[in-house]
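Undergrad: Show me how the following folds:
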Amino acid sequence: MRRGWGIPVRALFGVLRVLAAAAIITAIVGQFAQSWSMVPNRLTFVVNFFSYFTILSNALTAIVLLVGAWYAFTRRGDPYWYNLVRACAVTYMATTLVVYNLLLREVSLDQATTVPWSNEIMHVWAPLYLIVDWVLAPGRRHVEWRRLWTIAIFPIAWAVYSLIRGALVGWYPYPFMNPGQPAGYGGVAVYIIAIAAFILLVGAGIIALSRTPWPHEPDEPAPPAPSDERVGVVA
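TA: I've put the predicted structure just below:
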């Protein structure tokens, strides 16, 4: 592979991905177990718990990292479909990192007592590792610019689901999504548009990074020369 990025380095990132996925799974399970022991309505709690963008993006990231570890151990480069899903996960986790630290760090959410170490892993350390992995791990391939809208599909679907379900059951995963606040639906719309624009901006940055020449996608074998050229025959 180019620029000294060999198989041992790719395997090292495979190990790091397994460790990061294990940390994320432990953080999700730790928060779930803590909340499960304290909430009165457990069925509602389970649905609410898996309605948080943080939980969904971290769960997706754990799966992406484990799949990526397998590819790191068994292949020189990542397949295109995986590269696109990985770009989505990096975008969502980077968004989680920024939104949490700007809007939610001092806000107490109602999923029972927050587990501090779990909270930091899911909102800070896991996003930071995923960004580093995207920048440095060898085997990454180019993402086409037209895929920016693919990256936006899941956040849009999640926002629509959250608003519809919130209107039906009176519960919203984050305070800024609740139209019961003084600014009403207008304030909700401003937040959602701003976050959607930020997701597109981050997604564009992730795609741009995928197209940088370092570390580049693995060299592909050169196609064989036509048979007439190999024998020096001119048509």
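Undergrad: and the nearest residue to residue 125 once chain neighbours are set aside, how many neighbours?
TA: Among residues not flanking residue 125 along the chain, residue 23 sits closest, at 7.3 Å (CB to CB, 6 or more residues apart in numbering). The way it works is simple: take the backbone N, C-alpha and C, and place the C-beta from them, glycine included. Other residues lying near residue 23 total 20 when counted by other CB atoms under 10 Å.
Undergrad: residues touching residue 23, list them.
TA: Residues touching residue 23, when contacts are defined by CB atoms under 8 Å, 6 or more residues apart in numbering, comprise 121, 125-126.
Undergrad: so where's this structure uncertain?
TA: 1-7, 107-112, 214-235 (pLDDT under 70).
Undergrad: Show me the strands in it, by range?
TA: Shown for the chain, no strands are assigned by DSSP state E.
Undergrad: Longest helix in it, please.
TA: With DSSP state H applied, the helix covering the greatest number of residues in the chain is identified as helix 7-36.
Undergrad: gap between that helix and the chain center?
TA: Helix 7-36 has its average C-alpha position 13 Å from the chain's average C-alpha position, going by CA atoms, centre = their mean, to the nearest Å.
Undergrad: Pull out the buried positions in that helix.
TA: The neighbour-count check on helix 7-36 (16 or more other CB atoms under 10 Å) flags 9-10, 13-14, 16-18, 20-21, 23-25, 27-28, 30-32, 34-35 as buried.
Undergrad: tell me the contacts of the one residue sitting closest to the centre of the chain?
TA: The chain has residue 89 as the residue nearest its centroid, 1.9 Å off, counting by CA atoms, centre = their mean. Contact analysis of residue 89 by CB under 8 Å, 6+ apart lists 57, 60-61, 64, 130.
Undergrad: Looking at those, which one is closest to residue 96?
TA: Each of the contacts of residue 89 was scored against residue 96 by CB to CB, and residue 57 proved nearest at 5.4 Å.
Undergrad: residues in contact with the closest one?
TA: Contacts were defined as CB under 8 Å, 6+ apart; by that measure residue 57 touches 89, 92-93, 95-96.
Undergrad: ok, now how distant is the residue nearest to residue 21 when sequence neighbours are not counted from residue 78?
TA: Excluding its sequence neighbours, the residue lying closest to residue 21 (CB to CB, 6+ apart) is residue 65, at 4.0 Å. From residue 65 across to residue 78, the span is 12 Å (CB to CB, to the nearest Å).
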